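[1] Okay, sequence plus prediction incoming.
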Amino acid sequence: MKKSEKLIHSLAKDLKPLVQEIESSKIKKTQNHYGQYLMILSKYAKGNPEHALILGKALHIAGANLTGLNHALNAIGAGVKIEFRTI
């Protein structure tokens with residue numbers, strides 16, 4: 001496993017409790033929780049599409065809803081689509 005992949009997996013491990021909380025919420029504020037993922041991506045990627053993609057991959061590995069995550073990535077202009085879990 002490459003060093004960058006190890007870092008993404010480490011980040012995913014740290015994000016897993018947050019993702020589980022979002023995904024298990026009985027109150028869906030936005031469809032597929034894209035609003036919550038948009039908030040996380042906006043806060044931590046700070047407008048950098050590459051950072052958003054890295055964070056998006058980690059969120060997906062942590063169990064984030066793929067549709068909601070892709071909508072959030074598109075909303076911030078990352079222009080990418082994560083298609084599958086890499087674990």
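    Structure received.
[2] Going by residue numbers, what spans are helices in this structure?
    Using DSSP state H, the helices of the chain run over 3-24, 34-45, 49-61, 66-75.
[3] Measure how far the direction of the shortest one deviates from that of helix 3-24, in degrees.
    Read it as helix 66-75. Computed by axes from the mean of the first three to the mean of the last three Cα atoms, to 10 degrees, the angle separating helix 66-75 from helix 3-24 equals 110 degrees.
[4] Pull out the buried residues from helix 66-75.
    For helix 66-75, a neighbour-count test (16 or more other Cβ atoms under 10 Å) marks 66, 68, 69, 70, 71, 72, 73 as buried. Bear in mind the C-beta positions are built from the backbone N, C-alpha and C, glycine included.
[5] on contacts alone, who are the packing partners of it?
    helix 34-45, helix 49-61 (3 or more Cβ pairs under 8 Å, 6 or more residues apart in numbering; DSSP states H and E).
[6] Just the buried positions in the first one, please.
    Going by neighbour count (16+ other Cβ under 10 Å), the buried part of helix 34-45 is 34, 35, 36, 37, 38, 40, 41, 45.
[7] between those, which is closest to residue 21?
    residue 36 (9.2 Å; Cβ to Cβ).
[8] What distance do you get for the closest one to residue 14?
    16 Å (Cβ to Cβ, to the nearest Å).
[9] Then residue 31?
    Using Cβ to Cβ, residue 31 is found at 26 Å from residue 14.
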